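Visitor: Output the structure for:
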Amino acid sequence: MLRLVLAFWLFPFALCSASEWVLIRTIDGTQVEGQTSLRGVQISAGGRTSTIPLARLLSAHSGAPASEQEAGLITNDLAAIQSTDRNARDAAVEELTAIGVPVLTPLLRAYKDTDQHEPRPLYRLFERIMPSYADGPDRTLGLIRLAGGETVRGSLAEASIDLRTADGGKTLIPVSKLRALAVRRPSVRRAMQVHSLRHSTRIEDLDTGVSLSASSKVDISTRGFVRLSWDTDSWATDADGLQKPGSPAYKTNLVDGFPFGALVGRVGAAGPMFFVGAKATLTGKPAGRLRLAVNDNAHWQNNVGTYSVTLVATDAYDMGDAQ
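Guide: So this is what the prediction gives:
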């Protein structure tokens, strides 16, 4: 892992063979997608500089202090995660993940000395924001993620990013207003584990770390077997879910309209749930972060087992590891 000071290096459109699509979140929470003339990130260290082509950049997350608005959101969202309101909790996790690095210190201060970490969304939020292989003693440094798994910790120097949106609009976004920048990839590939307890629909979705665009296509294949009642085999299933009720006490194999134990997905914390199963091709989904979970009811405590999921998404953004 490199620890450097970063600056954006801007080139005019005339020098670009093709404009890159980028997804930007600003410190006021605005999210905008468009094409930019940005060709690379310039890295400065020890009086020397080098430039990384934008095509190598997955995402950049600013470590600049939280704005007054962000500070208020962080305080309120940390409280919401610890509430019993599932919708508010999921929305708070999503928002704090998007704010990123400035959340680290107030999050660490919110933790209490307890062994009851599983399943606890507050506990897992830390690595949604900062993967352990990129962590370090200075929590204020931004996080830059590069293709090939390399990470850089540093600060973004002042510049302006010119953006041309799909509707033809043009805007300039100062780096001082930037909270996160991601570069659209032709394809993003993931191999991940969806656990029947931690990633039960009643607890918390697995955030794949993949943010879809309006033109994304997603191919998903799943293998594995989960048990929703320990040693009762009639409650065991693959990712397509139970095809009949697991016991005489249940008159249906469905919960919330989908089979018990099925792999399901949604885009964004508030997006509608959809069936994924053992194999799926997804198109026409809204833009946003793709999430996966094992479908279950409120009696999730006796779940065991994991689905191994392989995902390939085209025209998508790699925002971080699946968490």
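Visitor: Centre-most residue in the chain?
Guide: Closest to where the C-alpha atoms of the chain average out (Cα atoms, centre = their mean) is residue 209, at 3.2 Å.
Visitor: Tell me who's in contact with that residue.
Guide: 190, 289, 318, 319, 320, 321, 322, 323 (Cβ atoms under 8 Å, 6 or more residues apart in numbering). For every residue, glycine as well, the C-beta is placed using N, CA and C.
Visitor: Now for the residues you listed, which sits with the most neighbours around it?
Guide: residue 320 (26 neighbours; other Cβ atoms under 10 Å).
Visitor: does it count as helix, strand or coil?
Guide: Of the three states, residue 320 takes coil under DSSP: H, G, I helix; E, B strand; the rest coil.
Visitor: Ignoring the adjacent residues along the chain, who's closest to it?
Guide: Excluding the flanking residues, the one nearest residue 320 by Cβ to Cβ, 6 or more residues apart in numbering is residue 209, at 4.3 Å.
Visitor: need the contacts of residue 209 in CSV with distance to residue 214, can you?
Guide: Formatted as CSV, those follow (distance: Cβ to Cβ, whole Å):
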residue, distance to residue 214
190, 20
289, 14
318, 17
319, 16
320, 21
321, 24
322, 22
323, 24
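Visitor: what's the helix or strand for the residue nearest to residue 320?
Guide: strand 206-212 (DSSP states H and E).
Visitor: Describe which strands that strand pairs with in its sheet and in which direction.
Guide: Neighbouring strands of strand 206-212 in its sheet, by DSSP bridges, are strand 288-294 (antiparallel), strand 304-318 (antiparallel).
Visitor: among these, which is nearest residue 137?
Guide: Proximity to residue 137 (Cβ to Cβ) singles out strand 304-318 among the strands paired with strand 206-212, at 26.3 Å.
Visitor: ok so, going back, list just the nearest of the contacts of residue 209 to residue 203.
Guide: For the contacts of residue 209, the residue nearest residue 203 by Cβ to Cβ is residue 323; the value is 13.7 Å.
Visitor: Excluding covalently adjacent residues, which one is nearest to that closest one?
Guide: residue 128 (4.3 Å).
Visitor: next one: stretch 164-179 to chain centre, how far?
Guide: 22 Å (Cα atoms, centre = their mean, to the nearest Å).
Visitor: And stretch 86-102, by the same measure?
Guide: Taking mean C-alpha positions (Cα atoms, centre = their mean), stretch 86-102 and its chain are 10 Å apart.
Visitor: Now it: buried residues?
Guide: 88-102 (16 or more other Cβ atoms under 10 Å).
Visitor: Which two of these have the greatest separation?
Guide: 88 and 101 (23.1 Å).
Visitor: Could I get the phi/psi values of residue 174?
Guide: Dihedral pair for residue 174: phi -70, psi 140, per degrees, to the nearest 10.
Visitor: Number of residues surrounding it?
Guide: 11.
Visitor: And the closest residue to it other than its chain neighbours, how far from residue 205?
Guide: Closest residue to residue 174 apart from its sequence neighbours, by Cβ to Cβ, 6+ apart: residue 160 at 5.2 Å. Per Cβ to Cβ, to the nearest Å, residue 160 is found 36 Å from residue 205.
Visitor: Show me what stretch 173-182 is in contact with.
Guide: Contacts for stretch 173-182 (Cβ under 8 Å, 6+ apart): 8, 22-28, 32, 57-62, 64, 70, 98-100, 156-161, 163, 211, 317-319.
Visitor: tell me which residues of that stretch are tucked away?
Guide: Buried residues in stretch 173-182, counted by 16+ other Cβ under 10 Å: 173, 175, 177, 178, 179, 180, 181, 182.
Visitor: What's the mean pLDDT across that stretch?
Guide: The predicted model gives stretch 173-182 an average pLDDT of 92.
Visitor: quick one: the helices in the stretch 51-200 of the chain?
Guide: 68-81, 86-99, 104-110, 121-129 (DSSP state H, counting those that start in this stretch).
Visitor: on that earlier part again, so the residue nearest to residue 174 makes contact with residue 172?
Guide: Yes - using Cβ atoms under 8 Å, residue 160 is in contact with residue 172, at 4.6 Å.
Visitor: More neighbours: which of these two?
Guide: Each of residue 160 and residue 172 has its neighbours counted (other Cβ under 10 Å); residue 160 has more, 16 against 10.
Visitor: That one: what's it in contact with?
Guide: 10, 172, 173, 174, 175.
Visitor: Dump these into CSV; add distance to residue 134 as well.
Guide: Output for those, formatted as CSV (distance: Cβ to Cβ, whole Å):
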residue, distance to residue 134
10, 26
172, 29
173, 24
174, 25
175, 20
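Visitor: Name the member of those with the shortest distance to residue 141.
Guide: When these are compared against residue 141 (criterion: Cβ to Cβ), the nearest one is residue 175, at 15.0 Å.
Visitor: Could you list the low-confidence segments of the stretch 151-300 of the chain?
Guide: Across the stretch 151-300 of the chain, the ranges flagged by pLDDT under 70 are 156-157.
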